[in-house]
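J.: sequence and predicted structure are below.
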Amino acid sequence: MAATGKDNKTIIVFSGDLDKAMAAFIIANGAASMGKKVTMFFTFWGLSILRKPDAVQVKKSPMDRIFGWMLPRGAGALKLSQMNMLGMGTKMMRAVMKDKNVSSLADLIASAQKAGIEIIACQMTMDVMGLRMEELIEGVEAGGVGYYLGKAEDSNLNLFI
Amino acid sequence: MAATGKDNKTIIVFSGDLDKAMAAFIIANGAASMGKKVTMFFTFWGLSILRKPDAVQVKKSPMDRIFGWMLPRGAGALKLSQMNMLGMGTKMMRAVMKDKNVSSLADLIASAQKAGIEIIACQMTMDVMGLRMEELIEGVEAGGVGYYLGKAEDSNLNLFI
Amino acid sequence: MAATGKDNKTIIVFSGDLDKAMAAFIIANGAASMGKKVTMFFTFWGLSILRKPDAVQVKKSPMDRIFGWMLPRGAGALKLSQMNMLGMGTKMMRAVMKDKNVSSLADLIASAQKAGIEIIACQMTMDVMGLRMEELIEGVEAGGVGYYLGKAEDSNLNLFI
């Protein structure tokens, strides 16, 4: 433990792919279990990971509504970055992981929140995609690039996934 | 500002996707606005981001010419990493961003250059793809992996995008 | 060499794409040539990079066997992340690189091993994909996220590729 307290961790989650999201949370949870403070910053496609599975009633412009339809709704709706094969590969991977006792993405997210990992939704992406906080899972806060950079300043591990 | 001066930032821009390029410049510009020195190192597909939009008259081997045709020419020609949908999704995203007052990639690049962010084109990639400095936008310099590593040594935020 | 010994480097290789694998090894070899200790942590699709080119006789469940068939077998079987064009683009790129005296991925891996770069295969991915150590090239060791995080703690450059 450095005297300077500069050993926090940050992860920018840009990707909305199932496999990359899992990698991000496995690293984040590992660091938290070693007593480190972790901030995850979800931006662009990564915001899909934080969506609630069910539609939320909010007023939206037609364009925002289209984004809402097109972006996956949360952990259970994501696809692999490779070998998706019209969803078959993703289904197979989820089944294999369950069979081999690997935590699901939903479980990894729940663990992260329990461990006090800070989960930030990129404000700019929220605006562009017309997403509202009430469409995201509980415990998420909005923030901008300045907030992320401040956190990175106190960290010795900063990843872009 | 650390006494050691080790709080610079580096970003390797490997991807030539519009969305990832935007993310890279938004982070870089944010750090520059906080008074930090930033080096962006463009390699592989990322070099497309730095191409001039119009063809430049240079002598090339047939193979280099093919690369020249296939790689996008600059910020205005890039596509989204997801939801490109034969260009329709990218067009839609550009329109939405403009509508919501998000700076275009071209503007972000101009801001980066104005802020003194160092923009390096990977020499090896230039050689492989047969690109010449006069085909890239003004203000770019060529460099190798050793140069990048030297810059990273003085930085506390190093991303690969 | 810093007195604190905190200037090691780590690279997580998540991707199994030829171009990203090359980028990872070029950075790693560059750092090693500057006298730095480097750890590369191969996870998810990145494990393909470490497979032996020929099938290895091991007992496997039917599902593990399917993964074995689908994942590329080593450096010579990888594809570009872009412009693969049913393999033609990848072939062209390999030929151009050879022509321009850029080291092949196989050569880069050999150099990395000669330079003492630590090559770790993610234990969880091995389990999920049913891969065995004897299916990977010599000199690789298995490790988990905790091992990676320990190495990152002593490093000032940590990339996710």
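T.: Structure received.
J.: hey, C-alpha coordinates of stretch A:107-122 in PDB?
T.: The C-alpha coordinates for stretch A:107-122 follow below in PDB (Å, rounded to 0.1, in the frame of the first residue of the first chain):
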ATOM      1  CA  ASP A 107     -23.500 -12.000 -10.700                       C
ATOM      2  CA  LEU A 108     -20.200 -10.200 -11.400                       C
ATOM      3  CA  ILE A 109     -22.000  -6.800 -11.500                       C
ATOM      4  CA  ALA A 110     -23.900  -7.600  -8.300                       C
ATOM      5  CA  SER A 111     -20.500  -8.500  -6.600                       C
ATOM      6  CA  ALA A 112     -18.900  -5.300  -7.900                       C
ATOM      7  CA  GLN A 113     -21.700  -3.200  -6.400                       C
ATOM      8  CA  LYS A 114     -21.500  -5.100  -3.100                       C
ATOM      9  CA  ALA A 115     -17.800  -4.500  -3.000                       C
ATOM     10  CA  GLY A 116     -18.300  -0.800  -3.300                       C
ATOM     11  CA  ILE A 117     -16.900  -0.500  -6.800                       C
ATOM     12  CA  GLU A 118     -17.900   2.900  -8.200                       C
ATOM     13  CA  ILE A 119     -20.000   2.600 -11.400                       C
ATOM     14  CA  ILE A 120     -20.200   5.700 -13.500                       C
ATOM     15  CA  ALA A 121     -22.300   6.200 -16.600                       C
ATOM     16  CA  CYS A 122     -20.700   8.700 -19.200                       C
END
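J.: buried residues, stretch A:101-108. List them.
T.: A:102-103, A:105, A:108 (16 or more other CB atoms under 10 Å in any protein chain shown). In short, each C-beta sits where N, CA and C put it, glycine included.
J.: now render those residues as JSON lines, adding distance to C:Asp7.
T.: Converted to JSON lines, these look like this (distance: CB to CB, whole Å):
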{"residue": "A:Val102", "distance to C:Asp7": "34"}
{"residue": "A:Ser103", "distance to C:Asp7": "34"}
{"residue": "A:Leu105", "distance to C:Asp7": "34"}
{"residue": "A:Leu108", "distance to C:Asp7": "31"}
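J.: just give the nearest non-adjacent residue to the residue sitting nearest the centre point of chain A, would you?
T.: By CA atoms, centre = their mean, the mean C-alpha position of chain A lies nearest to A:Ile49, the distance being 4.8 Å. Nearest residue to A:Ile49, sequence neighbours excluded (CB to CB, 6 or more residues apart in numbering or on different chains): A:Ala21, at 5.0 Å.
J.: correct me, but that neighbour touches A:Leu50?
T.: No - the criterion here is CB atoms under 8 Å, and A:Ala21 misses it with A:Leu50 at 9.9 Å.
J.: touching chain B at all, the lowest-mean-pLDDT helix or strand in chain A?
T.: Across the helices and strands of chain A, mean pLDDT, DSSP states H and E gives its lowest value to helix A:62-70, namely a mean of 90. Yes - legend: contact between helix A:62-70 and chain B by CB under 8 Å from any CB of the partner chain is shown at A:63, A:66-67, A:70.
J.: please check the residues you listed and keep the buried ones.
T.: A:Phe67.
J.: nearest to chain C among the residues of helix A:62-70 next to chain B?
T.: If you rank the residues of helix A:62-70 next to chain B by distance to chain C using CB to the nearest CB, A:Met70 comes first, at 22.7 Å.
J.: pull the number of nearby residues for A:Glu138.
T.: If you count neighbours by other CB atoms under 10 Å in any protein chain shown, A:Glu138 ends up with 9.
J.: against A:Leu50, how distant is it?
T.: As for A:Glu138, its distance to A:Leu50 is 10 Å (criterion: CB to CB, to the nearest Å).
J.: on that earlier part again, got a pLDDT number for the residue nearest to the centre of chain A?
T.: We have a pLDDT of 98 for A:Ile49.
J.: contacting residues for it?
T.: With contact taken as CB atoms under 8 Å, 6 or more residues apart in numbering or on different chains, A:Ile49 is in contact with A:13, A:16, A:21, A:42, A:74-75, A:78, A:105, A:109.
J.: do the same with A:Ile12
T.: A:41, A:43, A:46, A:148, A:158-161, B:23, B:27, B:159.
J.: how about a cut-off of 7 Å?
T.: With contact set as CB atoms under 7 Å, 6 or more residues apart in numbering or on different chains, A:Ile12 has these partners: A:41, A:43, A:148, A:160-161.
J.: please indicate which of these are buried?
T.: For the contacts of A:Ile12, a neighbour count by 16+ other CB under 10 Å gives the buried set as A:41, A:43, A:148, A:160-161.
J.: next one: the host helix or strand of A:Asn156, is it in contact with chain B?
T.: Using DSSP states H and E, A:Asn156 sits in strand A:155-160. Yes - counting by CB under 7 Å from any CB of the partner chain, chain B has neighbours in strand A:155-160: A:158, A:160.
J.: who touches that strand?
T.: Contacts of strand A:155-160 (CB under 7 Å, 6+ apart): A:6-12, A:14, A:27, A:152, B:157, B:159-161, C:152, C:158, C:160.
J.: of the residues you listed, keep whichever come out buried.
T.: Using 16+ other CB under 10 Å, the buried members of the contacts of strand A:155-160 are A:7-12, A:14, A:27, A:152, B:157, B:159-161, C:152, C:158, C:160.
J.: can you give me the helices in chain A?
T.: All helices of chain A, identified by DSSP state H, fall at A:18-33, A:62-70, A:88-99, A:105-114, A:123-129, A:145-153.
J.: what's the angle between the second one and helix B:88-99?
T.: With axes from the mean of the first three to the mean of the last three CA atoms, to 10 degrees as the basis, helix A:62-70 and helix B:88-99 are set at 140 degrees to each other.
J.: likewise for the first one?
T.: Calculated by the same axes, to 10 degrees, helix A:18-33 forms an angle of 50 degrees with helix B:88-99.
J.: now A:Val58, what are its backbone angles?
T.: phi -140, psi 150 (degrees, to the nearest 10).
J.: pLDDT wise, what is the closest residue to it other than its chain neighbours at?
T.: Leaving out its chain neighbours, the residue that sits closest to A:Val58 by CB to CB, 6+ apart is A:Arg132, at 5.0 Å. With respect to pLDDT, A:Arg132 scores 95.
J.: so A:Arg132 sits right up against A:Lys59, yeah?
T.: No - counting by CB atoms under 7 Å, A:Arg132 does not reach A:Lys59; the two are 9.2 Å apart.
J.: below-threshold pLDDT in chain A: ranges please.
T.: A:1-5 (pLDDT under 70).
J.: got the residues of it near chain B?
T.: Close to chain B, as judged by CB under 7 Å from any CB, chain A has residues A:14, A:43-45, A:63, A:70, A:124, A:127-128, A:145-146, A:149, A:152, A:158, A:160.
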